[in-house]
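Colleague: I'd like to go over a predicted model; first the sequence, then the structure.
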Amino acid sequence: MKIIAFYIKQIILLGTTGFLAWLCVGWWHIGWFWANDAHYAWLIALALVALFLLLICTPIQVSISKVRNDSVAYLGGLLAGPTAILLYLALNTRFELNGQNYVTHQAWMHVIFGLLGLWFSFNYRRRFGPNNSFKPKPLRGSA
């Protein structure tokens, strides 16, 4: 039950943060975006972040869970964002496969999802990572 609560908290926190970042980045030159269906856009953002966390970030963190070096786990989380964007664009769009369509036009989405992946890897490491503290068992009896 604790793992479900962890993922629900992460989805709501990171999904809301990602949605607000998308609003700021995507609408700064037009004006503030707010419409009657903005809450539906927020729910879609939560669903996208949930898929991102469950299908991309978690397998990466599980695969490197035995590594005691936190920087490797954080790098995996940071690279999970661009990986998710590239997979989404490759599977769900009909763009021509080139750097302009996959990198230049989507640069802010790479940054946003990369930071969300990094934040998730930090929280995942704190919750499920290896315990680095060494606590030897006390000696019993005379030594």
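Modeller: Nice, thanks for sending it over. Numbering: from 1, shown residues only.
Colleague: low pLDDT regions in the protein?
Modeller: 28-35, 130-136, 138-139, 141-143 (pLDDT under 70).
Colleague: ok, and the closest non-adjacent residue to the spatially most central residue of the chain?
Modeller: For the chain, the residue nearest the mean C-alpha position is Gly117 (2.7 Å; Cα atoms, centre = their mean). Computed as Cβ to Cβ, 6 or more residues apart in numbering, the closest residue to Gly117 that is not its neighbour in sequence is Ala80, at 3.7 Å. Every C-beta, even on glycine, is put in place using the N, C-alpha and C of the backbone.
Colleague: re earlier: list the contacts of the residue nearest to the centre of the chain.
Modeller: Counting by Cβ atoms under 8 Å, 6 or more residues apart in numbering, Gly117 makes contact with 52, 56-57, 77-81, 84.
Colleague: with Cys57 instead?
Modeller: 77, 80, 117, 120-121, 124.
Colleague: same question for Asn92.
Modeller: So Asn92 contacts nothing (Cβ under 8 Å, 6+ apart).
Colleague: look up how far Ile3 lies from it.
Modeller: 29 Å (Cβ to Cβ, to the nearest Å).
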